[in-house]
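Enquirer: fold the following, please.
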Amino acid sequence: MAKGDDIEEKLISFAVRVLTMCERMPKSAEGEHIANQLLRSGTAGAPNYAEARAAESSMDFIHKLGVVLKELNESRVWLDMILKRGLYDAQEARLAHEECVTLSKIIAVSRRTAAENAGRIKRS
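Expert: Residues are numbered from 1 along each chain as shown. Prediction:
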């Protein structure tokens, strides 16, 4: 499996975890609001990453990885709220949060490497 395939699979697995969480969130106003927001951001990473892999240029690739990173960052904040408010099983929510942070780090490194390779930023 190519490295990109592996990352895409990890993003899909995260999206599936988010789908399950959102389906099981409390049906209160706050639960539904946060679930809807997390549903949007938590499932956006995988398709945006697939788009990045089909980018038309290195700058397009870098930009699309940035979109993936933004969606993961947003998901992390919603997961923080879920944890702080106790809206979902704490252990499961922590696992989702950790998975999100790990994916964010992977995408950030990939984006930085792509930018370095494109000559947009200097290697440190």
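
Enquirer: distance check, the most centrally placed residue in the chain against Thr113.
Expert: By C-alpha atoms, centre = their mean, the chain has its centre lying nearest to Leu72, at 3.0 Å. Remark: distance between Leu72 and Thr113 (C-beta to C-beta, to the nearest Å) = 17 Å. The C-beta positions use only the backbone N, C-alpha and C, and glycine is treated the same way.

Enquirer: give me the three-state assignment for Leu87.
Expert: coil (DSSP: H, G, I helix; E, B strand; the rest coil).

Enquirer: helix, strand or coil for Gly119?
Expert: Secondary structure, three-state DSSP: Gly119 is coil.

Enquirer: pLDDT weak spots in the protein?
Expert: The model of the chain has pLDDT under 70 over residues 1-2, 120-124.

Enquirer: what segments of it are helices?
Expert: For the chain, the helices defined by DSSP state H occupy 3-24, 29-42, 45-53, 58-85, 90-117.

Enquirer: from the contact counts, what lies against the second one?
Expert: Counting contacts by 3 or more C-beta pairs under 8 Å, 6 or more residues apart in numbering; DSSP states H and E, helix 29-42 is packed against helix 3-24, helix 58-85.

Enquirer: the shortest one now?
Expert: For helix 45-53, the elements it packs on are helix 3-24, helix 58-85, helix 90-117, judged by 3+ C-beta pairs under 8 Å, 6+ apart.

Enquirer: ranking the ones you listed by burial, who's on top?
Expert: Mean neighbours per residue, mean count of other C-beta atoms under 10 Å, is largest over these for helix 58-85, with a mean of 19.

Enquirer: tell me what it is packed against?
Expert: The helices and strands touching helix 58-85, judged by 3+ C-beta pairs under 8 Å, 6+ apart, are helix 3-24, helix 29-42, helix 45-53, helix 90-117.
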